[in-house]
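1. Based on what follows, work out the 3D shape:
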Amino acid sequence: MQTLVFFFLMLTQTRADHPALQTLLTHKSLTHGSQMMSVWIEQKLRSTGLPEVHGDVDIGIGTIDYTLSNMQIVQSSIAGFTPAFVQGTGVSVKITQLSLAVTGGWATHFGIIHDGGSFDLQVNSININTLLEFSDDESARLFISIISCTADVTGVGINFHGGASFIFQPFVRQFRGQIADMLRQQICPAVNQVIAGVEEHLHQMSVKVAVDQYIYLSIPLTSSPIVTDNSFQLDMKGEFYSISSPSEPPFSPEVFDLPSTEDYMMCVGLSEFFMNSAVYSYFSGGLLHIHITDDMIPKSSPIHLNTSQFSVFIPQLSTLYPDMKMQVMLYASETLMFSFSPGEMSVHVPASAKFSAVQRDGTLIPLFRLDVNGFFSGNAQIQTQHLTAAFKMNNLTLTLGSSEIGDFKTEALEQVLKMAVNMFVLPKLNEHLQTGVKLPVPQGFSLSETNIIMKNGFVLILMDVEVTSN
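-> Model (predicted):
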């Protein structure tokens, strides 16, 4: 169940048109998860206090009212924990031979006689069989419900210590039967309460997941959950929007199918649309621009933003505006576009750079605009639960877009720009990308085996999940 909760925590719940994000739990998530979940359940049980139990026992000469309190599970073990996908429905969970050792205090009331002491309780066999259904309601929200739940409790033993416990010991058989019945009656309501808690959490999750102060991610379900005998899959739109000016991009998601990934517990597929809508949301929000001044140029650079130095490339510049500082506004002229192919991701960067001369009073004199077409490629990987990447330049061209100072050739400037990108921009960018972005793993979980595979039109993120919280 905790493996499933991890999966659900990554989702939001409304219907959309086409999936750009697909997530899938494999059969390995159940087989491997059953082992770690058995350990997790045992750890949780040993730190769980039990509610008081009240009852009465007819001993022939009257009725003894009793209370069992301060109960604590001191030992637990599970012989079998077996989850399984049920095609078209959801998942079944079978727990067999869950045994508990419980200590606590007892108090009795028989007429005017009050007594008390401690007790040891052993439950040798608790069997639980639950079937969960995954569906979507009229608003296309992921919905989890319990179709069936049965519980059986046998092998209950209890020993009383202290007070007049020797008087009540002969009636242990009656105590055992009542306690077993009480436990059995409380198990399925407790399971219902757990599932209701998960469902309530899903219900409260926002359809809009804030990424930062500028954009948000919408992850609506595009269809009902897909459950087979070997997997559980959710398809989601996976589109980013600008918070200030949300709009649809001028491109649409392409259909893609997740391949078989039985070697991993979980698979996430991200299409090119997923990545490109993120870039478009920044672009449509007017965020892909930067003002560059000479103070931002490394002192070791052979070229600085000064009209006299730029006269090497543009002779008329020093004549028209001698020895003046320059400023550049660099911006994306169109949205950047990512594409995926086997083993590699590529990005097309269309940009423009407006150059201005800076007068003494700070006002700007427009000079010219250069248009840049850049093509880069790279790869990505997961290191210590961080998504990292590195890029290289494949090609870059520079053309004169407009000019207030007359025509000039751009070949020399293009070579300088290529050198600057390779020597300064890419190393700085890759240094930042190597730090990476921490993956959004919920508290209490960690990723173990991970892998990223580039495919035509989409990328796969494969992972195994471990429970870390005690």
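2. from the chain's centre, how far out does the host helix or strand of residue 202 sit?
-> Element membership for residue 202, per DSSP states H and E: helix 172-204. Here helix 172-204 is found 30 Å from its chain centre; the criterion is CA atoms, centre = their mean, to the nearest Å.
3. Report all helices and strands that it contacts.
-> Judged by 3 or more CB pairs under 8 Å, 6 or more residues apart in numbering; DSSP states H and E, the packing partners of helix 172-204 are helix 2-8, strand 53-58, strand 113-136, strand 142-161. C-betas here are computed from N, CA, C, even on glycine.
4. And these: which comes nearest residue 182?
-> Nearest to residue 182, of all those, is strand 53-58, at 6.0 Å by CB to CB.
5. buried ones in the closest one?
-> Neighbour counts over strand 53-58 (16 or more other CB atoms under 10 Å) mark 53, 57 as buried.
6. Walk me through the domains of this protein.
-> Domain segmentation of the chain under automatic domain parsing yields 27-204, 208-466.
7. got the ones you listed as TSV, with mean pLDDT and distance to residue 19 columns?
-> Shown next, in TSV, are these (pLDDT from 0 to 100; distance: least, CB to CB, whole Å):
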stretch	mean pLDDT	distance to residue 19
domain 27-204	82	12
domain 208-466	90	4
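8. which one of these lies closest to residue 21?
-> Between those, domain 208-466 lies closest to residue 21; by CB to CB that is 2.9 Å.
9. Now the terminal residues of that closest one, how far apart.
-> 27 Å (CA to CA, to the nearest Å).
10. do stretch 37-57 as well
-> 38 Å.
11. Check the offset of it from the chain's centre.
-> So, by CA atoms, centre = their mean, the centroid of stretch 37-57 is 31 Å from its chain's centroid.
12. again, but for stretch 286-295
-> That offset, for stretch 286-295, works out to 32 Å (CA atoms, centre = their mean).
13. which of the helices and strands packed on helix 172-204 is buried the deepest?
-> helix 2-8 (a mean of 20; mean count of other CB atoms under 10 Å).
14. could you give the mean pLDDT of that one?
-> Average pLDDT, helix 2-8: 44.
15. Please pull up the helix or strand immediately following that helix.
-> strand 21-26.
16. and that next one, what other elements does it pack with?
-> By 3+ CB pairs under 8 Å, 6+ apart, strand 21-26 packs against helix 2-8, strand 231-236, strand 266-271.
17. 7 Å instead, please
-> strand 231-236, strand 266-271 (3 or more CB pairs under 7 Å, 6 or more residues apart in numbering; DSSP states H and E).
18. out of those, nearest to residue 94?
-> Nearest of the helices and strands packed on strand 21-26 (CB to CB): strand 231-236, 17.2 Å.
19. Give the other helices and strands that that closest one contacts.
-> Taking 3+ CB pairs under 7 Å, 6+ apart as the contact cut, strand 231-236 packs with strand 21-26.
20. one more time with 10 Å
-> Secondary-structure packing of strand 231-236 (3 or more CB pairs under 10 Å, 6 or more residues apart in numbering; DSSP states H and E): helix 2-8, strand 21-26, helix 27-46, strand 63-86, strand 113-136, strand 226-227, strand 266-271.
21. so can I have JSON lines of the helices and strands packed on strand 21-26 showing distance to residue 418 and mean neighbour count?
-> Supplementary listing: the helices and strands packed on strand 21-26 in JSON lines, determined by distance: least, CB to CB, whole Å; neighbours: other CB atoms under 10 Å:
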{"stretch": "strand 231-236", "distance to residue 418": "40", "mean neighbour count": "22"}
{"stretch": "strand 266-271", "distance to residue 418": "31", "mean neighbour count": "23"}
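22. Switch these over to JSON lines; also include distance to residue 68.
-> Listed next are the helices and strands packed on strand 21-26 as JSON lines, based on distance: least, CB to CB, whole Å:
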{"stretch": "strand 231-236", "distance to residue 68": "40"}
{"stretch": "strand 266-271", "distance to residue 68": "42"}
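23. Among those, single out whichever gets nearest to residue 215.
-> strand 266-271 (15.8 Å).
24. who does the closest one pair up with?
-> Looking at strand 266-271 with DSSP bridges, its partner strands are strand 21-26 (antiparallel), strand 458-467 (antiparallel).
25. Could you work out which of those strands reaches nearest to residue 369?
-> strand 458-467 (34.8 Å).
26. Okay, angle between the closest one and helix 27-46 too, please.
-> 30 degrees (axes from the mean of the first three to the mean of the last three CA atoms, to 10 degrees).
27. distance between strand 458-467 and the chain's centre?
-> 10 Å.
28. Could you count how many residues lie near residue 446?
-> Around residue 446 there are 12 other residues, counting by other CB atoms under 10 Å.
29. Next, residue 384: phi, psi?
-> Main-chain dihedrals, residue 384, degrees, to the nearest 10: phi 50, psi 50.
30. That one: neighbour count?
-> Neighbours around residue 384, by other CB under 10 Å: 10.
31. now swap in residue 285 and tell me
-> Residue 285 has 17 nearby residues by other CB under 10 Å.
32. With adjacent residues omitted, what lies nearest to it?
-> Among residues not flanking residue 285 along the chain, residue 242 sits closest, at 3.6 Å (CB to CB, 6 or more residues apart in numbering).
33. Could you tell me which residues make contact with the one you found?
-> 214-216, 280-287 (CB atoms under 10 Å, 6 or more residues apart in numbering).
34. Please name the bridge partners of it.
-> Here residue 242, judged by DSSP bridges, has bridge partners residue 215.
35. Reduced to three states, what does residue 282 come out as?
-> In three-state terms, and counting by DSSP: H, G, I helix; E, B strand; the rest coil, residue 282 is helix.
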